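Student: Pasting a predicted model and its sequence here:
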Amino acid sequence: MITAPVTVPEREHYLNASYGLKSWLLTKDHKRIALLYLATITFFFFLGGLFAVMIRLELLTPQGDMVQSETYNKLFTMHGVNMVFFFLLPAIPATLGNFLVPLMIGARDLAFPKLNLASWYIFTIGGLFTLYALLSGGVDTGWTFYTPYSTTYSNSFVIATALGIFIAGFSSILTGLNFIVTIHRMRAPGLTWFRLPLFIWSHYAASLIMVLGTPVIAVTIVLLAAERAFHIGIFDPAIGGDPVLFQHLFWFYSHPAVYIMILPAMAVISELVAASARKRVYGYEFVAYASVAIAVFGFLVWGHHMFVSGQSVYAGLVFSVLSYLVAVPSAVKVFNWTATLHKGSIALETPMLYTFGFIGLFTIGGMTGLFVAALGLDVHVHDTYFVVAHFHYIMVGGTIMAYLGGLHFWWPKITGRMYPEILAKLSALVVFIGFNLTFFPQFILGYLGMPRRYHAYPDEFQVLNVMSTAGASILAVGYLLPMCYFIWSLRYGKIAPDNPWGAVGLEWQTLSPPPVENFDEIPIVTHEAYDYVSLPNGSVTPKKEANVR
Amino acid sequence: MRPSLPLFPEQASSFAADVDALYFFLVALTAFFSVLIGGLVVFFAIKYRRRKDSAPAVIEHEGMALEMTWSIIPLIVSLFIFVWGASLYFKISRPPGDAAEIYAVGKQWMWKIQHMEGRREINELHVPVGRAVKLKMTSEDVIHSFFVPAFRTKADVLPGRYTTIWFKAEKAGAYHLFCAEYCGTKHSGMIGYVHAMEPNDYQNWLVGGTAEGTLAQRGEKLFQDLACTNCHKEEGTGRGPALALIFGTEIPLEGGAKVLVDEEYIRESIVNPTARVAFGYQPVMPTFQGLVTEEGLLSLIEYVKSIGPKKGPPKPPAEANRKTGEARSKTGGAKGKQ
């Protein structure tokens, strides 16, 4: 559409409508807030990544020789806290979700723009607390804060870190609330529930968890702080508490939190598969319902983290069978995405490569979930590297693959620039190889019996650990590359057309980058999502035709 | 050291092979589905890749049958794995009735093992081959987890309560013992070995070491040192109930409830005596929390378990088979390390 050099006569869009720091820090535009989040979580991602690199370097040799045990314990704790609470949880919803939910439903903004900005401030303040804890000495409890270690025995900055998580939790609640209200109330005319993109369904399901689950972790943190600061006996048996109670409360939130991370990833994958194959997602209704089913069942399986904690054998049975039930809707989604490719017209650009990566790694991550949900087998692999590998396949192989795929897919819409395709394909390959080399050996390590959170380990585990560290260094390159070329593309990237992928979503029917108000005219929707039959070239130019049809 | 690349842990317990069978089944299942999905994705991506002259995507009829198939098959497979895993879990969690008991106490950062016959060890556990062994475990501080990969079992060790783990070693040898629940700075140093020994060697080992009396004998000594006998008189005339033969019975409580006198209840009655008071007694017993170590508590429990019916006064039967001149203070003895 436009091939002009870098200086085109600029029309007004959300990025150039106003300038200056204040115009960003006081913005109520969901698109700008998404970018604020993007910058913030990228910072935390690289911070968490730095800790990961140091962990892997320490584990090159069996002896604990690079850092002290105290330091090592702080490294894996801060890695977990940063990655889970300040990167993975907000990664897709707060950036891509924030940017795309209004665009996809044909709205001018979220329902509560000021609340949206507030949620970013709250998140950032939470992050600063955690950063403060880190700079003043760190925390060494593990991201799980198990009691009574965290309340009575740890000499590190537990309360400051936990307070950071507590505060950031409110941003999660507000974002979820904002999405729910927006999706209910602000859909464009004609956009019925079953015409919604699956991205919206998944975000809706994730938002339910954010709103209903996050208060539980907030309460848990308050109880933890009350015991640590005021010695009120809640979790420490020495003062009359129950240490396992903490685990129940913690996992009641933290297991559903996994679905806050993975549902938005599934959201992205559904969009990418449909757009790349130019086909409606196979079994749209199944996939939509599966999202809600995952969110609901996700609240009932927390006890599968506690099979060896001393909880009753019968509780174990119930949590195990429910965990298998929640596996089914996830499996259905994988089959449906695969079936969508059948007889599609498949474009093999970078977003699709990440999608393939996601499907493969999520399959392995999900299948290994069957191992850890099997009661008798979990007894052996619980708290070993097998579990570490399993959840990295879900969170890194799943969520981060989808996040990167989504960033590439919507980058032209967000910035108005194309990323460099060949370099992007190369780095997708580097990520895939690096990821597998890092985490696959950890399954074997875990089954061999290497416990997680070990600073030093027996000699026979070394070869697998060296492989893992080698993989991590490749993975680090794979993550740095997109960071570099995305920044490069802001200035030197090709100017993006409005709809580079020929996709039918409403977000592609507006300009790239979108105007401040998203749409010149609110579209009227007359088609199902992914209706590539009626709209064979994706968007229809001029766009108004598509809208009014 | 020669670099080695082990892929699979040793099988050294009675149920290790059963756990591995489920593992291999799941590995095969994972390989099957990963190859199936991965293969289909790659195949479709190549076969239906978009070319300049590509036909537009074909929209297929979406049959319910296909979707039901791939919902119901995973459901059935999942439930099959669930049943398999659950039956294994029952086997792993339920010690056989004839299992030999050993006590273990976790603390930052060591494992303290106490054999009934008297030997104590740190970070080492000697067990006989071919005999089921049951560990009753507790922690002095934070949560630990007793993990022996070669036995394919682990159990968390909690402060303030007793948890149980059992296994039957099938092969003599030394096997890694790990703490699997993160417990602080030297978590990765809270390791040791389980030595599975042929029964004869084990018997020899058990009677070796420094003689310091059986665990029950040490408990009895402590029982007297703490002046428990002042109230828990053998005739039952004291301010506390008589304890002979009380273990394993159900006793009425103040307020009408009943309680089974097990290790847990005895422990609670020592550290938190007013929590559940036996019927007919006043809540006058002081707490011994902080005055008795976890090992001391174990010896007291073992003593209470050993008190039989009163024979000739004043000594209970446990006293009768006491060897000569040995009851040492609870902290004085050698650690029984080989």
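Tutor: Arrived safely.

Student: Disregarding flanking residues, what is the spatial nearest neighbour of residue A:51?
Tutor: Residue nearest to residue A:51 in three dimensions, not counting chain neighbours: residue A:79, with 3.8 Å by C-beta to C-beta, 6 or more residues apart in numbering or on different chains. In short, each C-beta sits where N, CA and C put it, glycine included.

Student: State whether that neighbour is indeed within a strand.
Tutor: No. Looking at residue A:79 with DSSP: H, G, I helix; E, B strand; the rest coil, it is helix, so not inside a strand.

Student: Report how many residues lie close to it.
Tutor: Applying other C-beta atoms under 10 Å in any protein chain shown, we find 20 residues neighbouring residue A:79.

Student: Does anything pack onto the one helix or strand residue B:224 maps to? Which helices or strands?
Tutor: Taking DSSP states H and E as the criterion, residue B:224 maps to helix B:215-225. Secondary structure elements in contact with helix B:215-225, counted by 3 or more C-beta pairs under 8 Å, 6 or more residues apart in numbering or on different chains; DSSP states H and E, are helix B:294-306, helix B:317-320.

Student: ok, the residue nearest to residue A:51 - contacts?
Tutor: Residues near residue A:79 by C-beta atoms under 8 Å, 6 or more residues apart in numbering or on different chains: A:48, A:51-52, A:55, A:143.

Student: before we move on, the earlier item: residues in contact with the next helix or strand after the helix holding residue B:224: which ones?
Tutor: Next along the chain after helix B:215-225, taking DSSP H and E as the criterion, comes strand B:250-252. The contact list for strand B:250-252 (C-beta under 8 Å, 6+ apart) reads B:241, B:258-261, B:278-279.

Student: any idea of the mean pLDDT in strand B:250-252?
Tutor: On average, the pLDDT along strand B:250-252 is 90.

Student: Give me the distance between the host helix or strand of residue A:24 and the centre of its chain.
Tutor: Under the criterion of DSSP H and E, residue A:24 resides in helix A:21-25. From the chain centre to the centre of helix A:21-25 is a distance of 26 Å (C-alpha atoms, centre = their mean, to the nearest Å).

Student: burial of the one residue in the stretch 251-400 of chain A that gets nearest to chain B, as a residue count?
Tutor: Among the residues of the stretch 251-400 of chain A, residue A:376 lies closest to chain B, at 2.5 Å counting by C-beta to the nearest C-beta. Other residues near residue A:376 come to 25 when the count uses other C-beta under 10 Å.

Student: got it, and the one 3 residues further on?
Tutor: For residue A:379, the tally of surrounding residues (other C-beta under 10 Å) stands at 24.

Student: Okay, now the unreliable bits of the chain?
Tutor: In the absence of a named chain, this looks at chain A. A:1-9, A:536-549 (pLDDT under 70).

Student: Hmm, no, I was thinking of chain B.
Tutor: B:1-3, B:54-61, B:209-211, B:309-338.

Student: Can you spell out which helices and strands pack onto the longest helix seen in it?
Tutor: Counting by DSSP state H, the longest helix found in chain B is helix B:16-47. Helix B:16-47 sits against helix A:313-341, helix A:350-373, helix A:375-381, helix B:64-93, with contacts defined as 3+ C-beta pairs under 8 Å, 6+ apart.

Student: what comes up buried for the last one?
Tutor: For helix B:64-93, burial by neighbour count (16 or more other C-beta atoms under 10 Å in any protein chain shown) applies to B:66-67, B:70-71, B:74-75, B:77-78, B:81-82, B:84-86, B:88-89, B:92-93.

Student: go on, stretch B:180-193?
Tutor: B:180-192.

Student: Show me just the buried residues among the contacts of strand B:250-252.
Tutor: Burial by neighbour count, 16+ other C-beta under 10 Å: within the contacts of strand B:250-252 this picks out B:241, B:259, B:261, B:278.

Student: The first one is in contact with residue B:282, isn't it?
Tutor: No. With contact defined as C-beta atoms under 8 Å, residue B:241 does not reach residue B:282; the gap is 11.5 Å.

Student: next one: phi and psi at residue B:169?
Tutor: phi -70, psi 140 (degrees, to the nearest 10).

Student: how many neighbours does it have?
Tutor: Counted with other C-beta under 10 Å, residue B:169 comes out at 26.

Student: Likewise for the one 5 residues further on?
Tutor: Counted by other C-beta under 10 Å, the residues lying close to residue B:174 total 15.

Student: which SS state does it fall under?
Tutor: Assignment for residue B:174 (three-state DSSP): strand.

Student: next structured bit after the longest helix along chain A?
Tutor: Counting residues, the longest helix found in chain A (DSSP H) is helix A:243-277. Downstream of helix A:243-277, the next assigned helix or strand under DSSP H and E is helix A:284-297.

Student: got the contact list for that next one?
Tutor: In contact with helix A:284-297 (C-beta under 8 Å, 6+ apart) are residues A:194, A:196, A:198, A:201-202, A:204-206, A:208-209, A:256, A:259, A:263, A:266-267, A:270, A:281, A:322, A:325-326, A:329-330, A:332-333, A:336, A:528-530, B:67, B:71.

Student: again with stretch B:292-310
Tutor: Outside stretch B:292-310, the residues that reach it (C-beta under 8 Å, 6+ apart) are B:103, B:105, B:107, B:112, B:114, B:116, B:136, B:138-140, B:214-220, B:222-223, B:226, B:228, B:234-235, B:243-247, B:263, B:266-267, B:270-271, B:316-318, B:330.

Student: Quick one: check stretch A:239-249 for contact with chain B.
Tutor: Yes. Using C-beta under 8 Å from any C-beta of the partner chain, we find that stretch A:239-249 touches chain B at A:240, A:243-244.

Student: Can you tell me which of these is nearest chain B?
Tutor: Among the residues of stretch A:239-249 next to chain B, residue A:243 lies closest to chain B (C-beta to the nearest C-beta), at 5.9 Å.

Student: my guess is the closest one meets residue A:227, correct?
Tutor: No. Applying C-beta under 8 Å, one finds residue A:243 not in contact with residue A:227, separated by 10.6 Å.

Student: which neighbours do those two share?
Tutor: A:147, A:235-236.

Student: Many thanks, I have nothing further to ask.
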